[in-house]
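Colleague: sequence unknown, structure follows:
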């Protein structure tokens with residue numbers, strides 16, 4: 001997976017294909033999961049939403065599902081434990097994001113081709 005950073009130059013629009021191949025993520029204790037891992041491990045999408053205690057993810061596309069923000073590190077760690085209990089492996093199938101970032105910045109995650 002890779003982070004998509006803004007291109008050089010002020011005011012340049014991002015390629016629509018680039019935006020469609022990424023999901024919005026949060027730096028505030030967010031979690032991003034590979035959809036292929038859900039399929040490989042037979043994890044029902046409804047069970048995933050229940051484990052994450054949401055009706056809808058923050059964002060999703062054909063490759064990734066993004067959740068967050070969580071309410072702090074403790075909550076994020078509980079969600080990680082729930083995902084592992086479903087059979088997902090940390091880093092291989094999903095990862096967490098927690099970092100300091102200014103409000104004027106956003107995070108998008110995509111699958112590295």
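Modeller: Happy to help now that I have it. In this text the structure is predicted, and so the values were computed from the model without any measurement.
Colleague: going forward, measure contacts between C-alpha atoms and count neighbours the same way
Modeller: Will do.
Colleague: show me where this protein has strands.
Modeller: 2-3, 22-25, 28-34, 59-60, 64-67, 94-98, 107-110 (DSSP state E).
Colleague: Can you say which of these is nearest to residue 50?
Modeller: Taking Cα to Cα, strand 64-67 is the member of the strands of the chain nearest to residue 50, at 12.1 Å.
Colleague: buried stuff in stretch 28-45?
Modeller: 28, 29, 30, 31, 32, 33, 34, 35, 37, 38, 43 (16 or more other Cα atoms under 10 Å).
Colleague: let me fix that: stretch 57-70
Modeller: For stretch 57-70, the neighbour count (16+ other Cα under 10 Å) marks 57, 58, 59, 60, 64, 65, 66, 67, 68, 69, 70 as buried.
Colleague: will you turn the residues you listed into TSV that also has distance to residue 78?
Modeller: Shown next, in TSV, are those (distance: Cα to Cα, whole Å):
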residue	distance to residue 78
57	17
58	18
59	20
60	21
64	20
65	18
66	16
67	13
68	13
69	13
70	10
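Colleague: Make JSON lines from the residues you listed and add pLDDT to it.
Modeller: Below are the buried residues of stretch 57-70 laid out as JSON lines (pLDDT from 0 to 100):
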{"residue": "57", "pLDDT": "97"}
{"residue": "58", "pLDDT": "96"}
{"residue": "59", "pLDDT": "97"}
{"residue": "60", "pLDDT": "96"}
{"residue": "64", "pLDDT": "97"}
{"residue": "65", "pLDDT": "98"}
{"residue": "66", "pLDDT": "97"}
{"residue": "67", "pLDDT": "96"}
{"residue": "68", "pLDDT": "93"}
{"residue": "69", "pLDDT": "92"}
{"residue": "70", "pLDDT": "88"}
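Colleague: for the most centrally placed residue in the chain, what are its contacts?
Modeller: Centre of the chain computed as the mean C-alpha position; nearest residue by Cα atoms, centre = their mean is residue 32, 2.2 Å away. Residue 32 sits next to 25, 64, 65, 66, 67, 94, 95, 96 when contact means Cα atoms under 8 Å, 6 or more residues apart in numbering.
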